[in-house]
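Q: this one's structure only:
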């Protein structure tokens, strides 16, 4: 398996997972995005993504550990 094959498989698995979870996305305005990220970043307990909405919707950072714990 090449690196591109692995990336393609990962994207396909992710889109399948998001579909199964009925994930939807509504694009906020840049101003709203900035306010949410600034507010979340100002508190250590809320700075990292805690859900797929935080990660994909608000583009909050997410540690590898958080991803692994989410799936356990």
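A: Good, I have the coordinates. This structure is a prediction, so every number in the text was calculated from the model and none was measured.
Q: And residue 35, how close does it get to residue 63?
A: According to C-beta to C-beta, to the nearest Å, residue 35 and residue 63 sit 23 Å apart. From N, CA and C alone the C-beta is placed, and that goes for glycine too.
Q: Also residue 15?
A: 22 Å.
Q: Likewise for residue 47?
A: For residue 47, the distance to residue 63 - C-beta to C-beta - is 10 Å.
Q: report the longest helix in the protein, please.
A: Taking DSSP state H as the criterion, the chain has its longest helix at helix 3-20.
Q: Could I get the average pLDDT for that one?
A: In this model, helix 3-20 has a mean pLDDT of 85.
Q: ok, and what's touching the next helix or strand after that helix?
A: Using DSSP states H and E, the helix or strand that follows helix 3-20 in sequence is helix 30-41. Contacts with helix 30-41, where a contact means C-beta atoms under 8 Å, 6 or more residues apart in numbering, come from 28, 46-47, 54, 58-60.
Q: Can you say which of those residues are buried?
A: With burial judged by 16 or more other C-beta atoms under 10 Å, the buried subset of these is 54, 60.
Q: farthest pair in the contacts of helix 30-41?
A: Spatial extent of the contacts of helix 30-41 (C-beta to C-beta) is set by the pair 28 and 47 at 18.4 Å.
Q: Skipping adjacent residues, who's closest to the spatially most central residue of the chain in space?
A: Central residue of the chain (C-alpha atoms, centre = their mean): residue 55, 2.2 Å from the mean position. With sequence-adjacent residues excluded and distances taken as C-beta to C-beta, 6 or more residues apart in numbering, residue 55 is closest to residue 49, at 3.9 Å.
Q: give me phi/psi at the one you found?
A: Residue 49 has phi and psi values of phi -60, psi 140 when expressed as degrees, to the nearest 10.
Q: That one contacts residue 57, correct?
A: No - look at residue 49 against residue 57 with C-beta atoms under 8 Å: they stay out of range, at 9.2 Å.
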